[in-house]
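Participant: got a predicted structure plus its sequence, pasted below:
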Amino acid sequence: MQFRQKALSKLQSPEELDLPVRFARPQGRLVLAVTLVVMAAATLWAFTGTVSVKLGAPGVLTRAEGSYTLQSPVAGQVTEVLAEEGRLLPAGATVLNVRTDKGDRPVRAVAAGRVRALVAKTGAVVTLGADVAVLERVKNPGDPMVAMLYVPTGSGSTVPVGASVELSVQSVPRQKYGVLRGRVKAVGRVPQTPAQISGFLGDSALAEQFSRQGNPVAVLVQLERSATRSGYAWSTGGGPPFLLDSTAPVTAAVHLSAQHPVDWLLP
């Protein structure tokens, strides 16, 4: 009880009212100043700053006109294969001959291109409409390649034409040679079905792979050219000391339009 009385008496005593007020020490002022500067910078960045957003997507290196699967127009036994893998053929060139009841019939290339794969071998029996070869639509081996990406339908509308793209090529060690550089040239308007993808790439397995999460949107990426061994620009400068395969799988990082870190929602 005595301690309480003393405390009340001390509060009622005016003897310390005339003492000067002690402000913060210099160290405290410095901390306060730094805090205010950081808060001001954060507020300014929230209104004017941007955040880089990347979209990942699978794809493959190919030619701008794609590839096609050559099918046999007749049924019979393959007697001779005249084409070779990697060889350029003009439109109408004989790829192989098939012996039928009415004699030997040639199977010709529908369009000019490079033979990517020969499915039918000499002695094999083929049916009407059977796949016999895959040809890449190209007239000149020096024609540039492109990357065809397959983006989920919900993300296709976020990809702008002209966006920069970084491509990790499966056959090229990224840690040693970096990534391939390119820019979005075109974005598909509607999702691609597996049949459409297979028709363009000439590969039903890839079409199934790219369609596992639903029908994707096709995004065409133009590769940046450079005086390197591969003929294209790389993040490391020189890139790999070899040419790229036009069927090499890639994983892309598409740089989307920069976004503000703070979005204001108005009622």
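Facilitator: Now that the structure is in, tell me what you want to look at.
Participant: got the end-to-end distance for stretch 66-78?
Facilitator: Using C-alpha to C-alpha, to the nearest Å, the end-to-end distance of stretch 66-78 comes out at 27 Å.
Participant: figure out how far the top strand by length along the chain is from the centre of its chain.
Facilitator: In the chain, with assignment by DSSP state E, the single longest strand is strand 54-63. Strand 54-63 sits 3 Å away from the centroid of its parent chain (C-alpha atoms, centre = their mean, to the nearest Å).
Participant: and the contacts of that strand?
Facilitator: For strand 54-63, contacts defined as C-beta atoms under 8 Å, 6 or more residues apart in numbering pick out 136-138, 143, 145-152, 155, 158-159, 167, 169, 201, 206, 209-210, 219, 221, 244-256. Quick note: C-beta positions are derived from backbone N, CA and C, even for glycine.
Participant: please, a ChimeraX command that selects the buried ones among those?
Facilitator: Restricted to buried positions by 16 or more other C-beta atoms under 10 Å, the ChimeraX selection for the contacts of strand 54-63 reads:
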select :136,137,138,145,146,147,148,149,150,151,155,159,167,169,201,206,210,219,221,244,246,247,248,250,251,252,254,255
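Participant: one step back: partner strands of the following helix or strand past the longest strand of the chain and their direction?
Facilitator: Scanning forward in sequence from strand 54-63 by DSSP states H and E, the next helix or strand is strand 67-71. For strand 67-71, the paired strands and their directions (DSSP bridges) are strand 131-136 (antiparallel).
Participant: tilt between the strand it pairs with and strand 54-63?
Facilitator: Here the directions of strand 131-136 and strand 54-63 differ by 110 degrees (axes from the mean of the first three to the mean of the last three C-alpha atoms, to 10 degrees).
Participant: can I get the helix or strand just after strand 131-136 in CSV? Just the C-alpha atoms.
Facilitator: Using DSSP H and E, the next helix or strand after strand 131-136 towards the C-terminus is strand 145-151. Taking Å, rounded to 0.1, in the frame of the first residue of the first chain, the C-alpha atoms of strand 145-151 are listed here in CSV:
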residue,chain,number,x,y,z
MET,A,145,14.9,-23.5,-89.4
VAL,A,146,12.2,-22.3,-87.1
ALA,A,147,11.0,-23.5,-83.7
MET,A,148,7.3,-24.6,-83.4
LEU,A,149,6.1,-24.3,-79.9
TYR,A,150,2.8,-25.8,-78.5
VAL,A,151,1.4,-23.6,-75.7
